[in-house]
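**Q** Here's a sequence, model it:
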Amino acid sequence: MEKRVKDVFLNCSSQYNNFCNAEVEEIKFSKKLNAVILNAKSDLNIALSDIEEFENQAKNAYKLSSFKVNYRYIGNPCDIDEKDIKESIRDINKKYSYTQDVFENCKIQVDNIDNEVNITLMKPLSSFMKIKKIDEYIKKQIETKNGKTINVTFSDDKNVIQDESNYTPEMIKYEDLVNIPTNSTMPPHSNDNVKNNQNEKKKFIKRPLTEAEKEYKERAKFEQPKTVIYGVDILTKERDRVVDVNENQEMTCIDGYIFEREDKETKNGKIIVTIDVCDNTSTISCKMFLNKKQFEGINSRIKKGSFVQVQGRPQIDAYSNELVIMVNNIIEGEKKEEETVTDDAEVKRVELHMHTQMSAMDGVSSATDIIKQAIKWGHSAVAITDHGVVQSFPEANHVIVDNYQGLAKEKTGKSKVTTQDILDNAPIKVIYGVEGYLVDDIEVAPKFLDTYCVFDIETTGFDAEKQDKITEIAICKVRNGEIIDEYTTFINPERNIPQNVQELTHITEDMVKDAPTIEQALPEILDFIDGSILVAHNADFDIGFLNHFITKNGYKERFNNYIIDTLMIARELYYYLPNKKLGTIVEDLGIELEGAHRAINDTRATAKMFIRMAEDLAKKGLDINTYAHSEKNISDVMSEKAYHIIILAKNYIGLKNLYKLVSYSHLHYFKKKPKIFKSMLNRYREGLVIGSACEQGELYQAIIRNETEDVQEKIASYYDYLEIQPLGNNAFYKRGAKIKNKDYNKLTDSKEN
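**A** Residues are numbered from 1 along each chain as shown. Predicted coordinates:
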């Protein structure tokens, strides 16, 4: 079902704006830029001014940095007449008030055959109108509204120019327009205009001065106050916040600190001075095009850190494609006293969810700044929890160790203190943590039975979904570290075995021709493994094949065994090996493997290897139960939704385990993000404190999905503490296009009612 603009953007729909009836094709949102691009189409005659008005309304309504419309007229192109051009001129006069006098009594000629429109002006300003690209605006207006591409030209009425008794304009250069004051309706030139001016630098434009321009020229004759750096004194007392400056403004005046400065000399000797001005709401670049004399006059007065007031016109820069201010005037500003934020709470908070600049796209402050600010506020501790990484830990440690050695000596009375002494006596404790990406590969932690089954299969190939089949299966039943029973059988694949597979496994077609089919063997296999945890090396492959035929033959409800993959254990225990193949591992452990790639031989070797693994895990204090997971293979788990989780280290054991989790998540389980398996978190949970994290956490998402109270309590019970964030953090769920969950509206509506 097609959506109209008014159906989507409820906050800025108007029955008087025809664009609201256009059809929405696509909406693109950039979180990084806080910007929206709307693609829309219509067969209606929509004025360009309506689209521009909607862009401005939407930008303000949704508090965006930018809102742009890409519009397509899909109706039949319409011929135009003088009335259409006059309507376009009316829109231009509303947008740029200085054009009202220019278009007064103009003559319009429309040629629909050659698609030409000529506008003859009664004042000699056609060159100026071309520089300001007014012809391009009219062209775009007609193309948008009527779907017709035209060529617009301006010309001057020769009779008017020759009749000097009727018109005696003052001669002014176009570059003089740079210094028009705020109350003037004439905007300064863009970078494109500079190019045109360079190409026609010897040309002059005849036109009458406005009252504002006359006033400006008069003011410029007199000596300016010492506070004036460039241009003339700024008389207006109104100031815009930088974050509110937009390209639709005729003129703006801001004040702030000079954050950065760049000078660049052009081929014609002009110097482009760009200063970045920040007022603590945002930062914007301000540009000046100066000759060498002007540059010498301001060079020493514009420095980083200086507080200035800037007046000029906002526009999109042709080179950087970013919003800049083309400067008219700069004066020294009065430095504002920074507002001091204090924490006056009787019991100070401890922030347990904090991102530094090491969190990509989610943090801008350094660990140093965060810790020093927390100390100023009297906080006793602060956590560092970057997204998936621990790169800020060294910096955070140095903030304490490098600055509080003297305090530690004073408190302990020692002349020489240890690092631990400094940490213990510092005014704040740094809690080291991470905001991880949790995937649930296990719902429970089953108790490992005395008896379990180690198994292996041989196949005709790698893809059970296509045509490959099982040729052999072997299972060893192990109890108390000894093999007590075995099950092995060839399987008739009911197809040819490729020659290269026969050479690898040494299983020929003659060996399997009288064997049972997989359909015949499955009941016996399921009886043998019933109630046991299954152990296999690279279990994804073996379980994938077995599960395919179990499901295909209707035995799915009988196959609910938990699985342990020895490959996962090998990655953690025997990380030093060049690879984690079965042959490589058993050779390192001194276990004999004869006739590799025969199921029974591989199974016996795997069983012995697993017994050794269990012993090695016990030495490290790890519970073998935590490696058991459901039948999902790793690749399936990796593709599932990852929930945010806060993991904090409460001691050195926890810090070591935190490093292990981060390392494994990056080295072995990275898919778009470094994933932490819940089974692995269970394995290394000692010394860690687990928090439920933000709205992307497991618990919050369960609430949004409107899960039952039992489910929510089960999820909540896994965490050591539950995180409740300020309402503003999750307000984006209520903002139109940003709603992430289709059930959220239903949930919030029911709660509000």
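**Q** residues in contact with residue 78?
**A** Residues near residue 78 by C-beta atoms under 8 Å, 6 or more residues apart in numbering: 45, 146, 147, 148. Yep, even glycine has a C-beta here, placed from its N, CA and C like the rest.
**Q** Which ChimeraX command selects the buried ones in those residues?
**A** One line in ChimeraX is enough to select the buried members of those, burial here meaning 16 or more other C-beta atoms under 10 Å:
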select :146,147,148
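**Q** From the contacts of residue 78, which land in helices?
**A** Among the contacts of residue 78, the members found in helices (DSSP state H) are residue 146.
**Q** Same list (the contacts of residue 78) but as a markdown table, adding pLDDT and distance to residue 612.
**A** Converted to a markdown table, these look like this (pLDDT from 0 to 100; distance: C-beta to C-beta, whole Å):
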| residue | pLDDT | distance to residue 612 |
| --- | --- | --- |
| 45 | 84 | 81 |
| 146 | 85 | 81 |
| 147 | 85 | 77 |
| 148 | 86 | 82 |
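**Q** residues of the host helix or strand of residue 325 that come out buried?
**A** Counting by DSSP states H and E, the element that carries residue 325 is strand 323-332. By 16+ other C-beta under 10 Å, the buried positions in strand 323-332 come out as 323, 324, 325, 326, 327, 328, 329, 330, 331.
**Q** Confirm residue 280 sits in a strand?
**A** No - secondary structure of residue 280 (DSSP: H, G, I helix; E, B strand; the rest coil): coil, not part of a strand.
**Q** Check the separation of the first and last residues in stretch 108-119.
**A** 5 Å (C-alpha to C-alpha, to the nearest Å).
**Q** Show me where this structure dips below the pLDDT cut-off.
**A** In the prediction, the chain carries residues with pLDDT under 70 at positions 1, 13-16, 160-213, 215, 336-339, 442-449, 595-597, 630-636, 735-753.
**Q** on that earlier part again, quick check: what element follows the strand holding residue 325 along the chain?
**A** With DSSP H and E, the next secondary element past strand 323-332 is helix 367-376.
**Q** still on that earlier bit, quick check, nearest of the contacts of residue 78 to residue 611?
**A** Checking these against residue 611 with C-beta to C-beta, the nearest one is residue 147 at 78.5 Å.
**Q** show me the contacts for the closest one.
**A** The contact partners of residue 147, by C-beta under 8 Å, 6+ apart, come to 73, 74, 75, 76, 77, 78.
**Q** Show me just the buried residues among these.
**A** Buried, going by 16+ other C-beta under 10 Å: residue 73, out of the contacts of residue 147.
**Q** can you name the two of the contacts of residue 147 that are farthest apart?
**A** Among those, 74 and 78 lie farthest apart (C-beta to C-beta), at 12.7 Å.
**Q** residue ranges of the helices in the stretch 1-150 of the chain, please?
**A** 5-8, 48-61, 82-95, 99-103, 126-131, 134-146 (DSSP state H, counting those that start in this stretch).
**Q** hmm, who's touching the second one?
**A** In this case it means helix 48-61. For helix 48-61, contacts defined as C-beta under 8 Å, 6+ apart pick out 5, 9, 11-12, 14, 17-20, 36, 38, 64-69, 71, 88, 91, 94-95, 137, 140-141, 144-145, 246, 248.
**Q** about what we covered before: could you export the helices of the stretch 1-150 of the chain as JSON lines, including distance to residue 602?
**A** Shown next, in JSON lines, are the helices of the stretch 1-150 of the chain (distance: least, C-beta to C-beta, whole Å):
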{"stretch": "helix 5-8", "distance to residue 602": "59"}
{"stretch": "helix 48-61", "distance to residue 602": "64"}
{"stretch": "helix 82-95", "distance to residue 602": "78"}
{"stretch": "helix 99-103", "distance to residue 602": "85"}
{"stretch": "helix 126-131", "distance to residue 602": "81"}
{"stretch": "helix 134-146", "distance to residue 602": "71"}
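**Q** pretty sure residue 234 contacts residue 308?
**A** No - the criterion here is C-beta atoms under 8 Å, and residue 234 misses it with residue 308 at 10.2 Å.
**Q** Common neighbours of these two, please.
**A** residue 331.
**Q** Can you give me the end-to-end span of stretch 511-520?
**A** Termini of stretch 511-520 sit 17 Å apart (C-alpha to C-alpha).
**Q** Neighbouring strands of the strand holding residue 325 in the sheet, and parallel or not?
**A** strand 228-230 (antiparallel), strand 283-290 (parallel), strand 307-316 (antiparallel) (DSSP bridges).
**Q** Take those and write them to TSV, including distance to residue 154.
**A** Shown next, in TSV, are these (distance: least, C-beta to C-beta, whole Å):
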stretch	distance to residue 154
strand 228-230	33
strand 283-290	25
strand 307-316	22
